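>>> Please work out how this folds:
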Amino acid sequence: MPSIAPPATGAGSLMAQCLYYLPRLMFLNTRYAPQTHWGDVAMVLRSFPEGSGDVGTPEFWAAWQAGWIAQGERYAAQAARSTTAAGRIRAERGASVSYHWSEFMDFGDRRRKLRLRGEVREHFLRSLDGAGLDLAHGEVRLDGGLQAPYWLIRPPARGAGDGPVPCVLMSNGLDSMTEVEVLALAEPYLERGIAALLFEAPGQGIQVGQTPLLLELETVVAELVEVLRREPGIAADRLAFFGISFGGYFTLRIAQRLGSLFRCLVNLSGGPRVAPFDGLPRRLKDDFRFVLACGEPVDMQARFDALELDPADRPGAPVLSVHGDRDDIFPLAGMRELDRAWGERHRLVVHEGEAHICPNLVNLWSTDAADWVADRLGQA
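Numbers count the residues shown, from 1 in each chain. The predicted structure is shown next:
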């Protein structure tokens, strides 16, 4: 493949090493969510010490983290010296997303990851002052003293007398953050007049690695639906659910267990079973260990086996699944089996040549999915 790096970056070979991650870094054009720019990536890679350019080594990821922390500090300093609200908001978003990329592949130091995720949230919350985002925060309390915070975001007003609006509940993946990737994916729904409920079950978002991921996500989702039923201006009979990556697995699980609560559900790259643990790349193994077991030495294949969904258990509402044929986390074969079993209740869209989450087509599939949901929620 020819190099796509601009010649002035001084990091051409490094940029080639990062081709897989670039679509993830430059996720979507957003109005509210923190966003990375091409120059941010070039600045970080230009800071790499000599000999740290192999993406498969710890030295690469140490340099990666240091570079993104430095970029976050630049933006934080810019926010502090900005003389306008608009400048401060943009700089705070730059700081927030930079701190996220500093930690998203860091599974070796729980305290460091929590500290950096705290920076992501702190700078994001600062960016909301004057941003015009209609956001309300709450939490649901679970058994065992656990809590699940949520953020209800209402779409921009479309005029008096519009009546209650539908809402989509949106689930994180293993290493995403609510205020970065998930908010970016929520914006197409807000643009269509659909409210978005972003939430963090135990083990998601800022709680990742602090407690094992709650696999029985349906217990949280059922409580969140009750919250929406009490919420003025929300049409609780017009709900949808969206999940990306491991959140896509949760979408399928929710469709089986709570599908009747929703008009439709969207699964982006989840599947009924995870690929064998021993065959996963090293960093994915680290990711799963960190999220599912907080880094403790456990039988991860047994954890994977316990996750498997039975395709014979049909969904309670229509499900749209988007998948890449090169997905190495949730193999396509499992999705094809589920598609056959679910019949007319399931629509499977497969993108050839795409890996997990179809990263090069984010703008396309996110638009198609939002349109599909809007049609079913009566917001076309």
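
>>> Strands along the stretch 151-300 of the chain, start to end?
165-171, 195-199, 234-244, 264-268 (DSSP state E, counting those that start in this stretch).

>>> what about the chain, any weak spots by pLDDT?
Residue ranges of the chain with pLDDT under 70: 1-12, 158-161, 380.

>>> quick one, helices of it?
When assigned using DSSP state H, the helices of the chain occupy the ranges 12-17, 22-25, 38-46, 58-81, 85-103, 110-127, 183-191, 218-229, 246-258, 282-293, 300-307, 332-342, 362-376.

>>> Report all helices and strands that the third one contacts.
Under the contact criterion of 3 or more CB pairs under 8 Å, 6 or more residues apart in numbering; DSSP states H and E, helix 38-46 touches helix 12-17, helix 22-25, helix 58-81, helix 85-103. Every C-beta, even on glycine, is put in place using the N, C-alpha and C of the backbone.

>>> In JSON lines, list these along with mean neighbour count and distance to residue 188.
Output for these, formatted as JSON lines (neighbours: other CB atoms under 10 Å; distance: least, CB to CB, whole Å):
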{"stretch": "helix 12-17", "mean neighbour count": "17", "distance to residue 188": "29"}
{"stretch": "helix 22-25", "mean neighbour count": "18", "distance to residue 188": "17"}
{"stretch": "helix 58-81", "mean neighbour count": "18", "distance to residue 188": "25"}
{"stretch": "helix 85-103", "mean neighbour count": "23", "distance to residue 188": "18"}
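
>>> out of the helices of the chain, nearest to residue 212?
Nearest to residue 212, of all the helices of the chain, is helix 282-293, at 5.9 Å by CB to CB.

>>> now for that closest one, which elements pack on it?
Here helix 282-293 touches helix 300-307, going by 3+ CB pairs under 8 Å, 6+ apart.

>>> So what touches the helix it packs on?
Identification of contacts with helix 300-307 by CB atoms under 8 Å, 6 or more residues apart in numbering yields 215, 249, 273-274, 276-278, 285, 288-289, 292-293.

>>> how about TSV for the residues you listed, with neighbour count and distance to residue 207 added?
Formatted as TSV, the contacts of helix 300-307 follow (neighbours: other CB atoms under 10 Å; distance: CB to CB, whole Å):
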residue	neighbour count	distance to residue 207
215	17	14
249	27	18
273	19	25
274	23	21
276	12	27
277	17	23
278	8	28
285	15	21
288	21	16
289	19	16
292	20	13
293	16	14
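
>>> returning to what we had before: can you redo the helices and strands packed on helix 38-46 as TSV, where the extra columns are distance to residue 199?
Formatted as TSV, the helices and strands packed on helix 38-46 follow (distance: least, CB to CB, whole Å):
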stretch	distance to residue 199
helix 12-17	35
helix 22-25	22
helix 58-81	25
helix 85-103	18
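
>>> Residue 132: which of those is closest?
Among the helices and strands packed on helix 38-46, helix 85-103 sits nearest to residue 132 (CB to CB), with 9.8 Å.

>>> rewinding a little: next, format the strands of the stretch 151-300 of the chain as CSV and append distance to residue 122.
CSV is the format used below for the strands of the stretch 151-300 of the chain (distance: least, CB to CB, whole Å):
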stretch, distance to residue 122
strand 165-171, 22
strand 195-199, 17
strand 234-244, 24
strand 264-268, 28
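
>>> Out of those, which one sits most buried?
Counting by mean count of other CB atoms under 10 Å, strand 264-268 has the highest mean neighbour count of those, with a mean of 28.

>>> wait, which of the strands of the stretch 151-300 of the chain is closest to residue 45?
That would be strand 234-244 among those, by CB to CB, at 25.9 Å.

>>> Within the sheet, what are the partner strands of the closest one, with directions?
strand 165-171 (parallel), strand 264-268 (parallel) (DSSP bridges).

>>> Is it possible to get JSON lines of the ones you listed that adds distance to residue 225?
Converted to JSON lines, those look like this (distance: least, CB to CB, whole Å):
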{"stretch": "strand 165-171", "distance to residue 225": "8"}
{"stretch": "strand 264-268", "distance to residue 225": "13"}
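
>>> and residue 349, which of the helices of the chain is closest to it?
With respect to residue 349, and counting by CB to CB, the nearest of those is helix 362-376 at 7.4 Å.

>>> Show residues contacting that closest one.
The contact list for helix 362-376, computed with CB under 8 Å, 6+ apart, reads 23, 27-29, 168, 185, 188-189, 191-194, 240, 242, 263-264, 266, 268, 318, 320, 322, 349, 351, 358, 380.

>>> Got a ChimeraX select line for the buried ones in these?
Selection command for ChimeraX covering only the buried members of these, criterion 16 or more other CB atoms under 10 Å:
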select :23,27,28,168,185,188,189,192,193,194,240,242,263,264,266,268,318,320,322,351,358
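
>>> coming back round to it: could I get the helices of the chain as JSON lines with distance to residue 314?
Listed next are those as JSON lines, based on distance: least, CB to CB, whole Å:
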{"stretch": "helix 12-17", "distance to residue 314": "44"}
{"stretch": "helix 22-25", "distance to residue 314": "33"}
{"stretch": "helix 38-46", "distance to residue 314": "44"}
{"stretch": "helix 58-81", "distance to residue 314": "42"}
{"stretch": "helix 85-103", "distance to residue 314": "37"}
{"stretch": "helix 110-127", "distance to residue 314": "37"}
{"stretch": "helix 183-191", "distance to residue 314": "26"}
{"stretch": "helix 218-229", "distance to residue 314": "16"}
{"stretch": "helix 246-258", "distance to residue 314": "7"}
{"stretch": "helix 282-293", "distance to residue 314": "27"}
{"stretch": "helix 300-307", "distance to residue 314": "19"}
{"stretch": "helix 332-342", "distance to residue 314": "6"}
{"stretch": "helix 362-376", "distance to residue 314": "18"}
